[in-house]
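Student: Sequence plus predicted model, see below.
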Amino acid sequence: MHILLWVSSILIASGLLLLSINSQATPNQTASSNIKGVTIELNKYLGGTQGKLKDKSALIFRFGNGSANNSCSIITTDNYLRHSKNRLENINLSESNFYFDCMWGGTYYFLSNRVKTYAEVIIKQPDSQFPMSMHIEAKLISLTGEQANIISGDISLRRQAK
């Protein structure tokens, strides 16, 4: 009987030791760590138009970096823009009155509610020295799972000459 208790305590101790070793081991790479990403730096206002978002009157602002094939778009309803207190935000498609997407290097990047994505736009009101500007940060995803991190400085909404 004593031998059985002794063997049982050794087996229990061995199991605890293995659990301790496994908990300190580095975890295997997860699928999300295998996702490659791209950083998009916006620096130029490409112009704005009027449009629709969910059948509501909306404004569309386009931004880029000088390459004709690369652009990102902010689409926001007039009402949301007026009442946003100079900050537009959409986390995982939580805001239906503001949307942000990019077509960059032939890949379409967008907000999703299936993976962590967000878009934030800070609007800086004009004064006597500077025109209205926007500061943009976002994390978007492509259909293939590629992530895009979008950053910008303060981009003037005065359209620049080509």
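Tutor: That came through, no problem.
Student: okay, CA-based contacts and neighbour counts for the rest of this
Tutor: Will do.
Student: what's the spacing between the closest residue in space to L53 that isn't next to it in sequence and W104?
Tutor: Spatial nearest neighbour of L53, chain neighbours left out: T77 (6.5 Å); criterion: CA to CA, 6 or more residues apart in numbering. Using CA to CA, to the nearest Å, T77 is found at 24 Å from W104.
Student: more crowded one of the two?
Tutor: Per other CA atoms under 10 Å, whichever of T77 and W104 has more neighbours is T77, with 22 against 18.
Student: wait, doesn't the more buried one sit right on A58?
Tutor: Yes. Here T77 lies in contact with A58, judged by CA atoms under 8 Å, at a distance of 4.0 Å.
Student: Need the residues touching each of the two.
Tutor: Residues touching both T77 and A58 (CA atoms under 8 Å, 6 or more residues apart in numbering) are K52.
Student: Please name the nearest non-neighbouring residue to the residue positioned nearest the centre of the chain.
Tutor: Nearest to the mean C-alpha position of the chain, by CA atoms, centre = their mean, lies K139 at 1.5 Å. Once flanking residues are discounted, K139 sits nearest to N149: 4.6 Å by CA to CA, 6+ apart.
Student: The one you found pairs with what?
Tutor: As for beta bridges, N149 partners with T39, K139 under DSSP bridges.
Student: Spit out the contact partners of it.
Tutor: Taking CA under 8 Å, 6+ apart, we find N149 in contact with G37, V38, T39, I40, E137, A138, K139, L140.
Student: Pull out the buried members of those.
Tutor: I40, E137, A138, K139, L140 (16 or more other CA atoms under 10 Å).
Student: Now distance to L111 and pLDDT too, for the residues you listed, in CSV please.
Tutor: Shown next, in CSV, are the buried ones among the contacts of N149 (distance: CA to CA, whole Å; pLDDT from 0 to 100):
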residue, distance to L111, pLDDT
I40, 15, 97
E137, 12, 98
A138, 9, 98
K139, 8, 98
L140, 5, 98
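Student: okay if I get those as a markdown table plus distance to L53?
Tutor: Output for the buried ones among the contacts of N149, formatted as a markdown table (distance: CA to CA, whole Å):
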| residue | distance to L53 |
| --- | --- |
| I40 | 25 |
| E137 | 21 |
| A138 | 19 |
| K139 | 21 |
| L140 | 19 |
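Student: Among those, which one sits closest to D154?
Tutor: Set against D154, the nearest of these by CA to CA is E137 (10.8 Å).
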